[in-house]
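**Student:** Show me the folded form of this:
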Amino acid sequence: MAINEDRFLQQRSALPLLPARPMTIEKQPHEERSKGKKTRQSVENVVDMMLASKLLAENVLFETVLHHPKVVWIQDETERSGYVFARESDAVALQTKKNGFTMYMPTNPIVYLVNGEPYHLLTRIDSTRSKPNITRLEREPSPILSAARVNDCLTAMVICFYEAYITELEQVMTRKTADFYSQFYMKQYAENELATFKTKISELNDNHMNWHPRGNGHEQLVDYIMALPLLTSQIGDELRCDSHPQGLVTVIASY
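**Tutor:** Below is the predicted model of the structure:
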């Protein structure tokens, strides 16, 4: 009996696709041996907050924040690259082109397992008196030549996180499910919080004294980020929202 290939292909294409294996990111136990509070700990804390929030699927968080050149990008002469996260095999060898800084902790590194593969957290982060540069996010990314600037890195992480959350919500909204209005108001909320964050950065930058050696711009920035309502929320929490008819939105995941 002859097989109708066209009909066979149509039936095959109608079969449901197998779900992709979800990415997992797990922080490994780490004993802090440094004395005093280190600048890079603010980056570590924000990474952990983003993971704990569950607002983004972990593959999206990885691709848009943790392993994205717009946030921070280190590249050596061999074109080996590292970002907020770097593969362990790269992290142990990566140095900046300009002055040979080791960008990831050579001993006692902070390790996250990404689908079981070890990645190291960026640890050569300083320049607390350097202003965060929002406009660079609108340009093509380029690798840095020396140590990463902490305020710039933190600001880029937050902006890219919110932009990814908004984009992911826009995509799920196209399905027009029963959750459409929850997604719509949550997207509005995230857009407003992102705009307010950018305004705060501009205000900090406009006051030069914030970044003066005696200023506290870095502390203000960290305190502001650590208090962002959406970033510090868990799925199911309620947040005040003036644009919602009931004045509250329920925090939802973007997937």
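**Student:** is it true that residue 52 lies in a helix?
**Tutor:** Yes. Per DSSP: H, G, I helix; E, B strand; the rest coil, residue 52 lies within a helix segment.
**Student:** Now do the contacts for it.
**Tutor:** Neighbour list for residue 52: residue 234 [criterion: Cβ atoms under 8 Å, 6 or more residues apart in numbering]. All C-beta atoms are positioned from the backbone trio N, CA, C, and that covers glycine.
**Student:** how near is it to residue 61?
**Tutor:** Remark: distance between residue 52 and residue 61 (Cβ to Cβ, to the nearest Å) = 11 Å.
**Student:** Same question for residue 94.
**Tutor:** 22 Å.
**Student:** repeat for residue 135
**Tutor:** 24 Å.
**Student:** more neighbours, those two?
**Tutor:** residue 61 (24 against 6; other Cβ atoms under 10 Å).
**Student:** and that one, what is it in contact with?
**Tutor:** 25, 50-51, 161, 164.
**Student:** Closest one to residue 86 out of these, please.
**Tutor:** residue 25 (13.9 Å; Cβ to Cβ).
**Student:** count of neighbours near the closest one?
**Tutor:** 18.
**Student:** If it is in a bridge, with which residues?
**Tutor:** residue 114 (DSSP bridges).
**Student:** Look at it and report its pLDDT.
**Tutor:** On pLDDT, residue 25 comes in at 98.
**Student:** so how far is residue 53 from the residue at minimal distance from the centre of the chain?
**Tutor:** Taking Cα atoms, centre = their mean as the criterion, residue 65 is the residue nearest the geometric centre of the chain, at 3.2 Å. Here residue 65 is placed at a distance of 12 Å from residue 53 (Cβ to Cβ).
**Student:** Ok, residue 220 next?
**Tutor:** If you go by Cβ to Cβ, the gap between residue 220 and residue 53 works out to 22 Å.
**Student:** who has more neighbours, the two?
**Tutor:** With neighbours defined as other Cβ under 10 Å, residue 220 and residue 53 compare such that residue 53 has more, 20 against 15.
**Student:** Let me see the contact set for the more buried one.
**Tutor:** 230-235.
**Student:** Let's see that with 10 Å instead.
**Tutor:** Residue 53 is in contact with 61, 161, 165, 230-235, 237, 251, 253, counting by Cβ atoms under 10 Å, 6 or more residues apart in numbering.
**Student:** In JSON lines: those residues, plus pLDDT.
**Tutor:** As requested, those are arranged in JSON lines below (pLDDT from 0 to 100):
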{"residue": "61", "pLDDT": "98"}
{"residue": "161", "pLDDT": "98"}
{"residue": "165", "pLDDT": "98"}
{"residue": "230", "pLDDT": "98"}
{"residue": "231", "pLDDT": "97"}
{"residue": "232", "pLDDT": "96"}
{"residue": "233", "pLDDT": "96"}
{"residue": "234", "pLDDT": "94"}
{"residue": "235", "pLDDT": "97"}
{"residue": "237", "pLDDT": "97"}
{"residue": "251", "pLDDT": "97"}
{"residue": "253", "pLDDT": "97"}
